[in-house]
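Trainee: model this:
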Amino acid sequence: MCVGVLFVNALSRAELTYSAWRNAKTVLVNVTNTVDTARTAKAVTNGRTSEVAPADGGQLHKRRGWEPFLAAAIDLSTGSLAVAVGMTWATASDLELPPTWMLFFFAPTLVGLCAMRGLYRRSLRRTFLDELPTIESSTALAAMLLLSGLILNPFLPESEGSSVGRLWMCAAILVPLGRLLWITIKNYHYRHDRLTAPTLIVGNGRVAAKVVDRLKVTPEYGMTPVGIVDDEMPMMGTDRDKPASIPYLGKLADLDSAIAATGAECLIVAFSRTRDEAMSAAVNLAHERGMSVWIVPRIFDTIGVRSHIDHIGGLPLIAVAHTNPRGWQFAAKHVSDRVLAGVGLLLISPLFLTLMLLVRLSSPGPIFFGQPRIGRDGREFSCLKFRSMREPKESDAAFVRSADSAPGGVEGEDRRTTIGKIMRSTSMDELPQLLNVIKGEMSLVGPRPERPEYVDLFNIQIARYGDRHRVKAGITGWAQVHGLRGKTSIADRAEWDNYYIENWSLWLDFKILAMTVGAVLRPAE
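Mentor: Model (predicted):
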């Protein structure tokens, strides 16, 4: 009887979730159609006109307000399903079941704990791996609260604790799976330019241009830049003749009309020469219109995820956290790197030995190829790879790198062997770098090492490039898992690498390792 009630509850919650999804989808389709059919307002882009979409500014806050509630409904449904499955499992094991009224509170308690920890608060591009620790710890805490209630009740048999253990195991699997499904569906719609929030940018320089470019390249942020508002025409970098990639909608005094014209839901302030009083007024106006507002701080390259806001009276201060690559945390990282590299090399030894044999048979020459690279503290080491190319011939054309070309890929004559092409396409040629990790020259995760001649050049050309040498070079890195491989921007790679260093944690290393498989299969852009 108890199990039947639990299944009915779970099915009822699932039906409610499905209804909520259909209603939300209908609302979104209606809003999207309304916006798409009303593209009549004109905007100026460096003297040119372009179409923008008018919308009712008073309704802005209603468009995406359903997302947190849908996420909570999904967690509530999967939590209820976990109760039903866990209790079915307990019944099959002939265990005593806790009272139904106590089980009823498990899923709501789980949702409440997730809400208290900010899981339903809007965050830019929060991935499944970002949410997983919060979900699992909240699930465990909800199970502990239920178990505590059973222990403190003297009239209940002790065997019911085993039932709660089964419930927790089911919830620890089903709730994250539900969350993964939700994030996957949401990102799918984002990538197809659906459900994204129209976003206005305040600013006219390189930082504003960088914000626009990254929002366009990474739709998973859930924001589509629709216009620039600033008291000066946008330069979009240093080229004053280069038109902005999105419309210029006027000065800050025109912000209200720009909001109404575009249906903007978000505002990003990315540096401006406008007076602070006018900027504050613009932010207040955006809040009055129900918009979400983000501000790029002036010294943004020094602020990491561990930074937080303090106050002196009513004056906000950003407490800037510092990462110490010489601290005990990195010492623990280096020890774990060597242990994991040794275990990994042992596990893949059949593949490793097979590749060694294939390289030997592919063409004359050594099995391994060592190339000088720069690692921690600017020290040079030999970075190992499986040889993927035949020995050069006198007839091969010499390679000359163009001034605007990034190093990497196939340089000059294509001398790759058949097995070499396969290894490079799957990054298996990098496997010998596990030996570099065991020797202490590299880490599993860190900035990718560069050749000495390029390091000298990039130290001159790129701001903070040398900061990446504070830590050991890595087999994989934060930049690589975000598609910055091959002939991609060195400046962008350095920025991502420095972000990794300033925000390093063991969980971030695990996240990067988990993302590496997908990044290897995804071609560099």
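Trainee: go ahead and name everything in contact with stretch 448-463.
Mentor: 371-375, 378, 380-381, 383, 407, 442, 465-466, 473-474, 476-477, 479-480, 490-491, 493-494, 497 (CB atoms under 8 Å, 6 or more residues apart in numbering). In short, each C-beta sits where N, CA and C put it, glycine included.
Trainee: quick one: residues contacting Cys170.
Mentor: 82-83, 85-86, 89.
Trainee: buried ones among these?
Mentor: By neighbour count, with 16 or more other CB atoms under 10 Å, the contacts of Cys170 hold 82-83, 85-86 as buried.
Trainee: between those, which sits nearest Ile501?
Mentor: Ala82 (38.7 Å; CB to CB).
Trainee: looks to me like the closest one is in a strand.
Mentor: No - Ala82 sits outside any strand when classified using DSSP: H, G, I helix; E, B strand; the rest coil, being helix.
Trainee: wait, what's in contact with it?
Mentor: With CB under 8 Å, 6+ apart, Ala82 has these contacts: 106-107, 167, 170-171, 173-175.
Trainee: need the max-distance pair from the buried ones among the contacts of Cys170.
Mentor: For the buried ones among the contacts of Cys170, the farthest-apart pair by CB to CB is Val83 and Val85; their separation is 7.5 Å.
Trainee: among the contacts of stretch 448-463, name the ones in strands.
Mentor: If you go by DSSP state E, the contacts of stretch 448-463 have 371-374, 380-381, 383, 442, 473-474, 476 in strands.
Trainee: ok, of these, which come out buried?
Mentor: Judged by 16+ other CB under 10 Å, buried ones among the ones in strands among the contacts of stretch 448-463: 373-374, 381, 383, 442, 473-474, 476.
Trainee: which of the residues you listed sits closest to Met116?
Mentor: Thr476 (34.4 Å).
Trainee: assign the residue lying closest to the closest one once chain neighbours are set aside to helix, strand or coil.
Mentor: Ranked by CB to CB, 6 or more residues apart in numbering and with sequence neighbours excluded, the top spatial neighbour of Thr476 is Thr516, at 4.5 Å. Classification of Thr516 using three-state DSSP returns helix.
Trainee: surely Thr516 and Val481 touch.
Mentor: Yes - using CB atoms under 8 Å, Thr516 is in contact with Val481, at 5.7 Å.
Trainee: more crowded one of those two?
Mentor: Applying other CB atoms under 10 Å to Thr516 and Val481 shows that Val481 carries more neighbours, namely 23 against 18.
Trainee: any idea how far that one is from Asp497?
Mentor: 12 Å (CB to CB, to the nearest Å).
Trainee: now swap in Gln461 and tell me
Mentor: 16 Å.
Trainee: more neighbours: the two, which one.
Mentor: Asp497 (27 against 10).
Trainee: can you tell me, leaving aside adjacent residues, what's nearest to that one?
Mentor: Nearest to Asp497 is Pro447, by CB to CB, 6+ apart, at 3.8 Å.
Trainee: give the other helices and strands that the one helix or strand Ala282 maps to contacts.
Mentor: Following DSSP states H and E, one finds Ala282 within helix 276-288. Secondary-structure packing of helix 276-288 (3 or more CB pairs under 8 Å, 6 or more residues apart in numbering; DSSP states H and E): helix 255-262, strand 266-269, strand 292-295.
Trainee: any chance of the ones you listed in TSV with mean neighbour count and distance to Phe330 as columns?
Mentor: Shown next, in TSV, are the helices and strands packed on helix 276-288 (neighbours: other CB atoms under 10 Å; distance: least, CB to CB, whole Å):
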stretch	mean neighbour count	distance to Phe330
helix 255-262	22	46
strand 266-269	24	34
strand 292-295	16	31
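Trainee: and which of the buried ones among the contacts of Cys170 is nearest to Leu124?
Mentor: So of the buried ones among the contacts of Cys170, ranked by how close each gets to Leu124 (CB to CB), first place is Ala82, at 29.3 Å.
Trainee: confidence score at that closest one?
Mentor: Model confidence at Ala82, given as pLDDT, is 92.
Trainee: what's the answer for Ala260, then?
Mentor: Reported pLDDT for Ala260: 92.
Trainee: picking up where we left off before, of the helices and strands packed on helix 276-288, which is nearest Thr218?
Mentor: strand 266-269 (13.8 Å).
Trainee: thinking again about what came up before, from the ones in strands among the contacts of stretch 448-463, pick the one nearest Arg326.
Mentor: Ala473 (16.6 Å).
Trainee: and that closest one, what does it touch?
Mentor: By CB under 8 Å, 6+ apart, the residues touching Ala473 are 373-376, 383, 441-443, 446-449.
Trainee: swap the cut-off to 10 Å and go again
Mentor: 373-376, 381, 383, 433, 436-437, 441-443, 446-450, 497 (CB atoms under 10 Å, 6 or more residues apart in numbering).
Trainee: so what's the closest residue to it other than its chain neighbours scoring on pLDDT?
Mentor: Excluding its sequence neighbours, the residue lying closest to Ala473 (CB to CB, 6+ apart) is Pro449, at 3.6 Å. For Pro449, the model assigns a pLDDT of 92.
Trainee: now swap in Pro372 and tell me
Mentor: 94.
Trainee: how far away is it from Arg379?
Mentor: Taking CB to CB as the measure, Pro372 and Arg379 are separated by 11 Å.
Trainee: likewise for Pro247?
Mentor: Note on Pro247: its distance to Arg379, by CB to CB, is 50 Å.
Trainee: looking at these two, which is more packed in?
Mentor: Pro247 (27 against 11).
Trainee: tell me the one of the buried ones among the contacts of Cys170 nearest Pro68?
Mentor: Looking across the buried ones among the contacts of Cys170 and measuring by CB to CB, the closest to Pro68 is Ala82, at 20.9 Å.
Trainee: ok, for the closest one, nearest residue in space, not its chain neighbours?
Mentor: Counting by CB to CB, 6+ apart, Ala171 is the residue found nearest to Ala82 once chain neighbours are left out, at 3.7 Å.
Trainee: wait, that neighbour touches Leu141, no?
Mentor: No - under the criterion of CB atoms under 10 Å, Ala171 makes no contact with Leu141, lying 11.1 Å away.
Trainee: show me where this structure has its strands.
Mentor: 41-45, 48-52, 197-202, 223-229, 266-269, 292-295, 308-312, 315-319, 368-374, 380-386, 442-445, 473-476.
Trainee: so for Leu355, which of these sits nearest?
Mentor: strand 380-386 (5.8 Å).
Trainee: look up how far Ala208 lies from Val202.
Mentor: To Ala208, Val202 is 8 Å away according to CB to CB.
Trainee: surely Tyr248 meets Val226?
Mentor: No - if you go by CB under 10 Å, Tyr248 and Val226 don't touch, sitting 11.5 Å apart.
Trainee: what's the burial count for Gly378?
Mentor: Using other CB under 10 Å: Gly378 sits among 11 other residues.
Trainee: pLDDT score for the residue nearest to it when sequence neighbours are not counted?
Mentor: In this structure, Gly378 finds its nearest non-sequential neighbour in His469, 5.4 Å apart by CB to CB, 6+ apart. Per-residue pLDDT puts His469 at 91.
Trainee: now His469: how far from Asp377?
Mentor: His469 is 6 Å from Asp377, by CB to CB.
Trainee: shared neighbours, the two?
Mentor: By CB under 10 Å, 6+ apart, the residues touching both His469 and Asp377 are Pro325.
Trainee: and the two? Which one has more around it.
Mentor: Neighbours were tallied for His469 and for Asp377 using other CB under 10 Å; the higher tally belongs to His469 (22 against 10).
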